[in-house]
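*Asks:* Need coordinates for the following:
(one chain, ligands or ions: 1)
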Amino acid sequence: MALMSRRVAGFGTTVFSEINALARLHGAVNLGQGAPDFDAPPEVLAAAIRAVNSQLNQYAPGIGMATARAAIARHAARFYGQELDAETEVLITAGATEGMFSAILGLTDPGDEVIVFEPVYDSYVPNMIMAGVTPRYVALRGDDWSFDSDELARAFNARTRAIIVNTPHNPTGKVYSRAELSFIAELCQKHGVIAITDEVYEHILYDGAAHTRLATLPGMARWTLTVSSLGKTFSVTGWKVGWAVGPESLVTAVNRAHQFITYAVASPLQATVATALELPPDFYSNLQAMYQAKRDRMLTSLRHAGFEVLKPQGSYFIMVDWRGAAPSRIQNDVQFAEWLTSEIGVACIPPSIFYQDSDKHLGRHLARFAVCKKDETLAAAAERLLRLAKA
Ligand SMILES: Cc1ncc(COP(=O)(O)O)c(C=O)c1O
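*Replies:* Next up is the predicted model:
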């Protein structure tokens, strides 16, 4: 008798753990997973320590601590002019990951369809499968990862319950333009479809790109659930403190799922949300400048190594076409990532994992590198990558 449920049997293990293990084995510089190798702002770390030492160590309210919810509402007003009632329209989740899963469970029924853009961040489709929901894929194509508006319009049908929009986008670094989001907004309102947005990279933007919050476009406040988290902005990916915000009707539904998955998120870590989100403007501008420098430096290194680079506008990542830089025996992105990790000593992620089986060929010539690393880590990677240029 199979012990594993059919629900999870098809998932396999995530490629991230495989690449991490390979990177450890070969002592590779790990530009695979999107986790910084530097620490959080000291004020944020100090706030967590203060909380632990202030007896904030028991269950928080399931919906989240009042101070954290109020800070999330103020952050939404400060950056996007989005008005939220902190009492009823903000829910704290165990990272954006749980926020997205609870959103899918709380807002869809088995048999519904949810539209996703492909390449697609790797947790959404397994979430849908566990919820009995069918993913409907719309392709992002070309150097700017744009979608075909007719293809998107055709994807909406009587079974469509929601659309997931991740901007800035993992793995491509695409930042959806206001025009693209307006088109999505029109379709959502025309068909009565909920938009679930994943905005964890909202503050990691390049070359002056602007992040547009779909919820703030005309008519979208009532149709949009916005998910984000502390992890990427404050370099605390291990904390798993996130949130889902939107109209009470949607947040209440998401909380129905959340209350029986996580119930409540780690109290002392939630207690840092106000300190983190309310850091002065300098923090946010320095963050952007720091990431811009890291991205620019990596673009140069990757180009020197012989890669064709697809320039990101946001996120922790750079996608490259590796075909000009690898030996001819390398046939696909998984082989390339394994070879680069074991032979050259730099780990990256093979992007075919972000595609459904029938579309995997679309990611076979690509590799994803993370830039959220110390300058010395990026320098060590650059030095190793130069071996490609010399080969
Ligand atoms: C698009 C996207 N959403 C969500 C997450 C996970 O966020 P969290 O750690 O807050 O659960 C990641 C992390 O890589 C991500 O890239």
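
*Asks:* Now do the contacts for the residue nearest to Arg295 when sequence neighbours are not counted.
*Replies:* Distance criterion Cβ to Cβ, 6 or more residues apart in numbering; nearest residue to Arg295, sequence neighbours excluded, is Val371 at 5.1 Å. In this view, the C-beta of every residue, glycine as well, is placed from N, C-alpha and C. Val371 makes contact with Leu31, Tyr291, Lys294, Arg295, Arg297, Met298, Tyr316, Phe317, Ile318, Leu378, according to Cβ atoms under 8 Å, 6 or more residues apart in numbering.

*Asks:* Going through these, which ones are buried?
*Replies:* Buried positions within those, assessed by neighbour count (16 or more other Cβ atoms under 10 Å), are Leu31, Tyr291, Lys294, Arg295, Arg297, Met298, Tyr316, Phe317, Ile318, Leu378.

*Asks:* Filter those residues to keep only those in contact with the ligand.
*Replies:* With Cβ under 6 Å from any ligand atom as the criterion, no member of these is in contact with the ligand.

*Asks:* Need phi/psi at the residue of the stretch 51-200 of the chain found nearest the ligand.
*Replies:* The nearest approach of the stretch 51-200 of the chain to the ligand comes at Gly95, 2.5 Å away (Cβ to the nearest ligand atom). Note on Gly95: its backbone torsions stand at phi 80, psi 170 [degrees, to the nearest 10].

*Asks:* Just give the closest residue to it, not the sequence neighbours.
*Replies:* Excluding its sequence neighbours, the residue lying closest to Gly95 (Cβ to Cβ, 6+ apart) is Lys240, at 3.6 Å.

*Asks:* Same check on Ala326?
*Replies:* Leaving aside its chain neighbours, Ala326 sits nearest to Phe336 (5.5 Å; criterion: Cβ to Cβ, 6+ apart).

*Asks:* residue ranges of the helices in the stretch 251-391 of the chain, please?
*Replies:* 267-270, 273-277, 281-304, 333-339, 375-390 (DSSP state H, counting those that start in this stretch).

*Asks:* Can I get the ones you listed in CSV including distance to Ile19 and mean pLDDT?
*Replies:* Output for those, formatted as CSV (distance: least, Cβ to Cβ, whole Å; pLDDT from 0 to 100):
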stretch, distance to Ile19, mean pLDDT
helix 267-270, 27, 98
helix 273-277, 29, 98
helix 281-304, 18, 97
helix 333-339, 6, 96
helix 375-390, 14, 92
